[in-house]
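>>> Sequence first, then the predicted structure, then my questions.
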Amino acid sequence: MTKNDVLREIFGYTSFRKGQEEIIDKILNRKDVMAIMPTGGGKSICYQIPSLMFEGTALVISPLISLMHDQVMGLVQMGVKAAYLNSSLSEKQYRQALARAYRREFKIIYVAPERLETESFVKLAEYLDISFVCVDEAHCISQWGHDFRPSYTKIPNFLEKLPKRPVVAAFTATATQRVKEDIKEKLTLKDPYVHTSSFDRENLFFEVKRSYDSEAVLMNLVSQIGNESTIIYCITRKDVDMLEYMLRIKNFSVTKYHAGLEIDERKQNQEDFIFGRKNIMVATNAFGMGIDKPDIRYIIHYGMPKNMESYYQEVGRAGRDGLESKCILLYNDRDMHINKFLIENGISEELSAKERELVKKEEMNKLRTMRNYVFCEDCLRSYILSYFGEHHSGNCGKCSSCMEQREFVDGSAYAKVAVACIADTGERFSSKNIISVLKGEHTDFTDTWHLSDSQYFGALSDLPKDTVSEILDKLVIHAYATVDTKNYNALKLNAHAFQIGRQEQKILIKPFVKKEKRANRSETVYTIYLNHYDPSLMEKLKNVRAELAKKYGVPAFMIFNDATLREMVIKRPKTAEQMKDISGVGSAKLKKYGDVFLETIKNY
């Protein structure tokens, strides 16, 4: 079969996404490849199709047990013989999989990098005809990457042990120029074809909410989301436990995931989310790598990630089916302090003292870049893309900055009042408490500390709380004040804070006035579906899918994802041939599930 036949017959698609075909062609022509493609950009097809077309067996090296499990399960649903070898298998299961591999039953074997050093696997690899090796998450080989793993440095040694060198392709979702060079050198790629896809995920809406009360903002958000599949990322395990408990006692369908849970509990919670038994997953960044659930509609960050690479990888898990999804980041001043601590205590001990210091310096620079994103007043999409070296004209219409009609005004007079209030109260209090004073709010805190006695109590009561919060943010951004993270996030004034209003020492603010939502540049698939599809038929198809998923013990999206069901609703196929024209319906799935969906559509 040709690559187009494989795409159509196995995966059920009629055309490649931009960049996929070029990568596949290079691999099939036995050329090494390094591809940088954003999360959700369709990289798995780029290595799965060559794996199926080459003679012999292909290896996919990945550190992600969840990715191996999900992708193998998905491939098996499409009629592909695939397996994984990692620590999640019992000794008996591992021996059985090894025996089947020796019988050459598998076209694709997923393997953890640590497994490459074991004698049993090396013998298997030497016995098999390994025609192609894919290194997924290739940034892990670089100490300058955001997720360095020493086990990846052993991959070149493994490749040298093979009887003949296979084609090698390296894939990663994010990589700076420095990391790209490291990948090429350390994986010993031979004159590789280098491909960098656009990082622009047009179906994602980006929003930043700065608040001194992230908890209240989050609870309000979740109450509006309904039953949509959602991941809430937290910086600490403590926050995960706290938020999961709060949502659970309010009867939300929620579960949690972090490294402090027992292995069995983590596995059960992950399955509950993947199979749709729970709608909301509250987790640290330990969750999500390799998760291929396509119908996640919301990614909420309860706290700022420490770098843009991690942030964009995590938000990339939303809307992988191409439908509109939202990515919301909630920022609190404490986030900087927590991330600094994590950076200082999270650098690999295997590096030299000099290397550790260089890595720390780079990580701190990345953290500042991430904080600048939080306070960015221009197009958020443009900011993200420029970080990854991609130009964007701005004014995307799909981020919180572009959706706000806010003209700059001189807020220096208000800022001078805020500075005077901070000084008058002894530079002892956080933004949250200074806002309470300026707004004239009687709280337990202001009453306990007698802050209502301040001459500035209620001085800015005529301004919206968001605007007062923005003024304090601007004091920090422009270095008129600093946040003392070691002293309850108290605001400390710098020497030139009292020069605000003189000449160019001005604080510009934007009144918070929402504008009408502008039309998108092009009508998305999601919009077309919403304008035309019948929700009642969609519900019936989802019910059929749920019954099949239960029967076969797989997540519902592995039967057909939402985008495929929506297309069935629009096109109403009447025959198997018409059903095969639906995107995502391959031959194996058509044979296995086609009749029941056709019957449901016919009866409706």
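Thanks, I have the structure now. Numbering: from 1, shown residues only.
>>> contacts, neighbours, all on C-alpha from now
OK.
>>> Show me the domain layout of this structure.
For the chain, the structural domains run 3-196, 204-387, 409-509, 525-603, going by automatic domain parsing.
>>> Quick check: which of those is nearest to residue 401?
Residue 401 lies closest, by C-alpha to C-alpha, to one member of the domains of the chain: domain 204-387, at 5.6 Å.
>>> Tell me the span between the first and last residue of that closest one.
Using C-alpha to C-alpha, to the nearest Å, the end-to-end distance of domain 204-387 comes to 17 Å.
>>> ditto for stretch 577-597
In stretch 577-597, first residue to last residue: 13 Å (C-alpha to C-alpha).
>>> what's it in contact with?
8-14, 77-79, 541, 544, 559-561, 564, 567-568, 573, 576, 598 (C-alpha atoms under 8 Å, 6 or more residues apart in numbering).
>>> let's go with 7 Å and repeat that
Residues from elsewhere that reach stretch 577-597 (C-alpha atoms under 7 Å, 6 or more residues apart in numbering): 8-13, 78-79, 541, 560, 564, 567-568, 573, 576.
>>> Show me which of those are buried.
Buried members of those, scored by 16 or more other C-alpha atoms under 10 Å, are 8-13, 78, 541, 560, 564, 567-568, 573.
>>> So which of those sit within helices?
541, 564, 567-568 (DSSP state H).
>>> which residues are in contact with stretch 102-113?
51-52, 56-63, 68, 81-86, 124, 151-152.
>>> quick one: which of these sit in strands?
Within those, residues falling in strands by DSSP state E are 57-61, 82-85.
>>> By mean pLDDT, flag the weakest helix or strand of this protein.
Lowest mean confidence among the helices and strands of the chain (mean pLDDT, DSSP states H and E): helix 525-532, at a mean of 46.
>>> Tell me how far residue 321 lies from residue 268.
24 Å.
>>> neighbour count winner among these two?
Taking other C-alpha atoms under 10 Å, residue 321 and residue 268 do not tie; residue 321 has more neighbours (21 against 14).
>>> low-confidence ranges in the stretch 1-150 of the chain?
144-146 (pLDDT under 70).
>>> 80 instead, please
39-41, 64-67, 143-148 (pLDDT under 80).
>>> how about the strands of it, start to end?
All strands of the stretch 1-150 of the chain, identified by DSSP state E, counting those that start in this stretch, fall at 33-36, 57-61, 82-85, 108-111, 130-135.
>>> Next, report how far the second one is displaced from the centre of its chain.
Using C-alpha atoms, centre = their mean, to the nearest Å, the mean C-alpha position of strand 57-61 is found 25 Å from that of the whole chain.
>>> same check, this time on the last one
Between the mean C-alpha point of strand 130-135 and the mean C-alpha point of its chain there is a distance of 26 Å (C-alpha atoms, centre = their mean).
>>> by contact count, what packs against it?
The contact analysis (3 or more C-alpha pairs under 7 Å, 6 or more residues apart in numbering; DSSP states H and E) places strand 130-135 against strand 57-61, strand 167-172.
>>> Let me have these in TSV, extended by mean neighbour count.
Below are the helices and strands packed on strand 130-135 laid out as TSV (neighbours: other C-alpha atoms under 10 Å):
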stretch	mean neighbour count
strand 57-61	24
strand 167-172	24
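>>> Could I get those in CSV, plus columns for distance to residue 100?
CSV is the format used below for these (distance: least, C-alpha to C-alpha, whole Å):
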stretch, distance to residue 100
strand 57-61, 12
strand 167-172, 24
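>>> Dump the ones in strands among the contacts of stretch 102-113 to JSON lines, plus distance to residue 332.
Shown next, in JSON lines, are the ones in strands among the contacts of stretch 102-113 (distance: C-alpha to C-alpha, whole Å):
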{"residue": "57", "distance to residue 332": "50"}
{"residue": "58", "distance to residue 332": "46"}
{"residue": "59", "distance to residue 332": "43"}
{"residue": "60", "distance to residue 332": "40"}
{"residue": "61", "distance to residue 332": "38"}
{"residue": "82", "distance to residue 332": "45"}
{"residue": "83", "distance to residue 332": "44"}
{"residue": "84", "distance to residue 332": "41"}
{"residue": "85", "distance to residue 332": "42"}
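>>> Could you point out which of the residues you listed is nearest to residue 388?
For these, the residue nearest residue 388 by C-alpha to C-alpha is residue 61; the value is 24.9 Å.
>>> now the closest one: how far from residue 542?
34 Å.
>>> cool, and residue 31?
Relative to residue 542, residue 31 is positioned 43 Å away (C-alpha to C-alpha).
>>> which stretches of the stretch 101-250 of the chain form helices?
Under the criterion DSSP state H, counting those that start in this stretch, the stretch 101-250 of the chain contains helices at 119-127, 155-161, 177-186, 214-225, 237-249.
>>> that older thread, I only care about the contacts of stretch 102-113 that end up buried; give me the ChimeraX line for that.
Selection of buried members from the contacts of stretch 102-113 for ChimeraX, criterion 16+ other C-alpha under 10 Å:
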select :51,52,56,57,58,59,60,61,62,63,68,81,82,83,84,85,86,151,152
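>>> Buried ones in stretch 91-109, by neighbour count?
For stretch 91-109, the neighbour count (16+ other C-alpha under 10 Å) marks 94, 97-98, 101, 106-109 as buried.
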